[in-house]
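> Test case, fold it:
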Amino acid sequence: MRFDCTSKFKRRPFRNAHYASVAARRKRLATAKQLFKANAAQLPRDNKRLPKIVCASPTALASSVVTTDFFGFDTSDNHYHLQGLGDVSEMGDAVLGSWPVRWSDRSALARCPHVSDPQIKAAGLTLRQQATLAAQIYKAFGRWSSVCSAIVCWALIVAG
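Down below sits the predicted model:
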């Protein structure tokens, strides 16, 4: 996980920190994918693809999840400077940095963030229009991505 805190937590010591986790125990991920399929009817009708489970190496910072402390989404013109920080970005988990536990103690954790928004094409859209589009995508798919994240968390827990 990599933090990109440039707003609420910009003065906190973890603002640009990054942390490794443990390797995912994958033996129940096939079951998780079956549960995705079983619940696919709950997806918005215009959705053409099932969710993916992506497992990155615990120390592969370039493949990590970037978490922001603001409504920052990936744009084709790299407006929020998130490109190159990780494979995907999500908003909100930056609050984890304020937990009263040393991060070195949390290195045994695996993360299951839910990511619903694709990169937003900037061409022809103002930043406000891009933000509206990102919010609409999250409204349509955010709940489903949370369900999928919970299923993957279950799979990792029962895998022991």
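> contacts, neighbours, all on C-alpha from now
Noted.
> helix or strand for the residue lying farthest from the centre of the chain, which one?
Ranking residues of the chain by C-alpha distance from their mean position (Cα atoms, centre = their mean) puts G124 at the top, at 26.4 Å. Using DSSP states H and E, G124 sits within no helix or strand.
> Could you measure from it over to Q130?
Counting by Cα to Cα, to the nearest Å, the gap between G124 and Q130 amounts to 10 Å.
> What helices and strands are in contact with the lowest-mean-pLDDT helix or strand in the chain?
In the chain, the helix or strand scored least confidently by mean pLDDT, DSSP states H and E is strand 88-91, which has a mean of 80. Contacts defined by 3 or more Cα pairs under 8 Å, 6 or more residues apart in numbering; DSSP states H and E place strand 88-91 against strand 65-68.
> The strand it packs on pairs with which strands, parallel or anti?
The partner list of strand 65-68 in its sheet, established with DSSP bridges, is strand 2-4 (parallel), strand 88-91 (parallel).
> would a markdown table of those with mean neighbour count and distance to F36 be doable?
Conversion of the strands paired with strand 65-68 to a markdown table gives the following (neighbours: other Cα atoms under 10 Å; distance: least, Cα to Cα, whole Å):
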| stretch | mean neighbour count | distance to F36 |
| --- | --- | --- |
| strand 2-4 | 24 | 27 |
| strand 88-91 | 22 | 20 |
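> of all those strands, which lies closest to S76?
Taking Cα to Cα, strand 88-91 is the member of the strands paired with strand 65-68 nearest to S76, at 13.2 Å.
> Could you point out the helix or strand that follows that closest one?
Next in sequence after strand 88-91, counting helices and strands by DSSP H and E, comes helix 127-158.
> Same question for that following helix: list its buried residues.
Judged by neighbour count (16 or more other Cα atoms under 10 Å), helix 127-158 contains these buried residues: 130-131, 133-135, 138, 140-142, 144-146, 148-153, 155-156.
> Please name every helix or strand in contact with that helix.
For helix 127-158, the contact count by 3+ Cα pairs under 8 Å, 6+ apart identifies helix 29-38 as packing neighbours.
> which residues are contacting the helix it packs on?
Outside of helix 29-38, the residues within contact range by Cα atoms under 8 Å, 6 or more residues apart in numbering are 50-51, 53, 148, 151-152, 155-156.
> which of these lies closest to V22?
Distances from V22 to those, taken as Cα to Cα, are shortest for L156 (11.2 Å).
> hang on, the earlier thing: any idea how far the residue farthest from the centre of the chain is from S76?
With the distance defined as Cα to Cα, G124 ends up 11 Å from S76.
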